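Chemist: generate a structure from the sequence data that follows.
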Amino acid sequence: MNAMMFTEVVRAEYAGGYRVRLWFNNETVKTVDLEQSLKGSVFEPLKDVERFKRFHVRYATIEWENGADLAPEYLFELPAVE
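Modeler: Residues are numbered from 1 along each chain as shown. Down below sits the predicted model:
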């Protein structure tokens with residue numbers, strides 16, 4: 001019986017603008033643009049790039065200081081950008 005692997009972000013770094021470079025637990029590495037993902041009141045403060053770039057990896061995804069986060073599966077499905 002194979003154990004199901006959950007998608008997890010294991011590392012993340014700011015990549016300019018609203019882009020984040022992500023390392024996943026399945027060895028995938030890609031940069032995603034989150035500008036269009038910043039919808040809703042919890043994400044409103046993150047439209048300020050200075051606040052946006054202050055995230056960290058927590059609970060297998062990226063989280064910002066105001067508690068906003070995005071599901072790791074959602075991040076994994078986003079298209080890669082340069």
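Chemist: find the helix or strand that the residue nearest the centre of the chain is a member of.
Modeler: A centroid search over the chain (C-alpha atoms, centre = their mean) returns Ile62, at 4.7 Å, as the residue closest to the centre. Ile62 is part of strand 61-64 when elements are defined by DSSP states H and E.
Chemist: bridged to Asp69, which residues?
Modeler: With DSSP bridges as the criterion, Asp69 is bridged to Glu63.
Chemist: typo on my end, it should be Arg58
Modeler: Counting by DSSP bridges, Arg58 forms beta bridges with Thr61.
Chemist: sorry, back to before: would you mind listing the buried residues in the strand holding Ile62?
Modeler: 61-64 (16 or more other C-beta atoms under 10 Å). Heads up, the C-betas are built off the backbone N, CA and C, glycines and all.
Chemist: so where do the strands sit in this structure?
Modeler: 9-14, 19-24, 29-33, 55-58, 61-64 (DSSP state E).
Chemist: name the residues that touch the last one?
Modeler: The set of residues that contact strand 61-64 without belonging to it, under C-beta atoms under 8 Å, 6 or more residues apart in numbering, is 8-9, 12, 20, 22, 46, 51-52, 54-57, 69-72, 75.
Chemist: what pLDDT, on average, does that strand get?
Modeler: Averaging pLDDT along strand 61-64 yields 98.
Chemist: pull the CA atoms of it into PDB?
Modeler: Coordinates of each C-alpha in strand 61-64 appear next as PDB, following Å, rounded to 0.1, in the frame of the first residue of the first chain:
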ATOM      1  CA  THR A  61       2.700  26.700   2.700                       C
ATOM      2  CA  ILE A  62       3.600  30.300   2.700                       C
ATOM      3  CA  GLU A  63       2.000  32.600   5.300                       C
ATOM      4  CA  TRP A  64       2.100  36.400   5.800                       C
END
